[in-house]
Every structure is written in C-alpha cells, then in structure tokens.
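Student: no letters, just coordinates:
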C-alpha cells in the first residue's frame, strides 16, 4: 500500500503537509489544523524517517481491511480475498497514494473501518475492540471533518434504530455497540 511513496522515492506531500510537519517538528501549533496528526508524525517517525509514518498508515489500513474481511469470510478464503483485494486496491485505486501521503486524510477511511468493525464484527477480541475504539478517537482528533462524518453516520443509524423500534422490528446491529460508538464519537 506504500507503493506510490516507493515509486516517488519519498512519501508524498501536499501543500498542507508543511503545516503538519511544522506542528510536528517546528514546535508550533497550526492555526487552522489539529495538532494531533503532527504529534502522530513526530512519535511514529521516531524523529528519523517519514517513511515510518506512511508504513504505519499502511499497516493500520491493512489490519482494518483484514478484520473487515473477517466479518464475511474465514480461513484461507479470507486470506486469499484480502491479499487479492489489497493488490487490486493498491494498483487500481488511489488508496496507495492516500496511504503514502503525509496528510491525515487516510484517517477518514481508517475511522470508518473501525466504526464498521465495532458495529458488525462479532469475532473481535476485547483487546481489538479497545484498539479500534482508541483508533476511532484518534481518527476524529486528526481531522476536523472526521467528527462530522462519524456524527452524521451515527445520526442515520439512530434514526434507523428508531424507525425499526416504532415498527416493532428487531434492529440488525448490537445496540450496545451502537451506544459504544456514540460514546466514542461524542467523547471528542
């Protein structure tokens, strides 16, 4: 998933990257950007290489995709379809560019995958739920729009829950996990 950075011989940058790098290594807080992605870059890079940042971004998205495939498939079928889909996504979509870009934009799909897994993946162990919960919180801290996206998604799910409840039908998701996702989103 870091293929675009490898082809470029350096992680991809954009004009906004300078603000995040300044927040990470220039010891100043950007005026119109959250400081948390800069802190993430400083910690993950070990103050030695920005390659570590895109490597961790790629690892996160890969892990979450793997767990998402676990909702639908098991065993070797899951492994094969995961590897096939990551290959197709890396070559045929902009995923590799987004993973290789030193911007917090990749944390929108990471947050959505955490959200989906918390709601739908019954096979998650407790430590995985904790990891995904913290990752979801960090995703919302890294980019201002992620809070709005998660809040809007929650409002749609709660409206669906209410409609199902009024019609005396069962809700297909675990209400406890919906409450957890709501608490995580509103904690920010």
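Tutor: Alright, I've got the coordinates. Quantities reported herein were computed from a predicted structural model and do not represent experimental measurements. Numbering: from 1, shown residues only.

Student: switch to C-alpha atoms for all contacts and neighbour counts from now on
Tutor: OK.

Student: spit out the contact partners of the residue sitting nearest the centre point of the chain.
Tutor: Centroid-nearest residue in the chain: residue 110, 1.3 Å away (criterion: C-alpha atoms, centre = their mean). If you count contacts by C-alpha atoms under 8 Å, 6 or more residues apart in numbering, residue 110 has them with 60-61, 64, 136, 139.

Student: same list (these) but as a markdown table, adding distance to residue 78, secondary structure and neighbour count.
Tutor: Output for these, formatted as a markdown table (distance: C-alpha to C-alpha, whole Å; DSSP: H, G, I helix; E, B strand; the rest coil; neighbours: other C-alpha atoms under 10 Å):
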| residue | distance to residue 78 | secondary structure | neighbour count |
| --- | --- | --- | --- |
| 60 | 18 | helix | 17 |
| 61 | 16 | helix | 22 |
| 64 | 13 | helix | 21 |
| 136 | 24 | helix | 26 |
| 139 | 26 | helix | 27 |
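
Student: can you pull out the helices in this structure?
Tutor: Here the chain has its helices, by DSSP state H, at 3-8, 17-25, 36-44, 51-72, 75-92, 95-100, 107-120, 126-142, 144-166, 175-186.

Student: ok so, going back, do you know how far the residue nearest to the centre of the chain is from residue 67?
Tutor: Per C-alpha to C-alpha, to the nearest Å, residue 110 is found 12 Å from residue 67.

Student: same thing with residue 170?
Tutor: Residue 170 is 26 Å from residue 67, by C-alpha to C-alpha.

Student: between these two, who's got more neighbours?
Tutor: Each of residue 170 and residue 67 has its neighbours counted (other C-alpha atoms under 10 Å); residue 67 has more, 21 against 9.

Student: I figured that one hits residue 115, correct?
Tutor: No: contact between residue 67 and residue 115 fails when scored by C-alpha atoms under 8 Å: they sit 11.8 Å apart.
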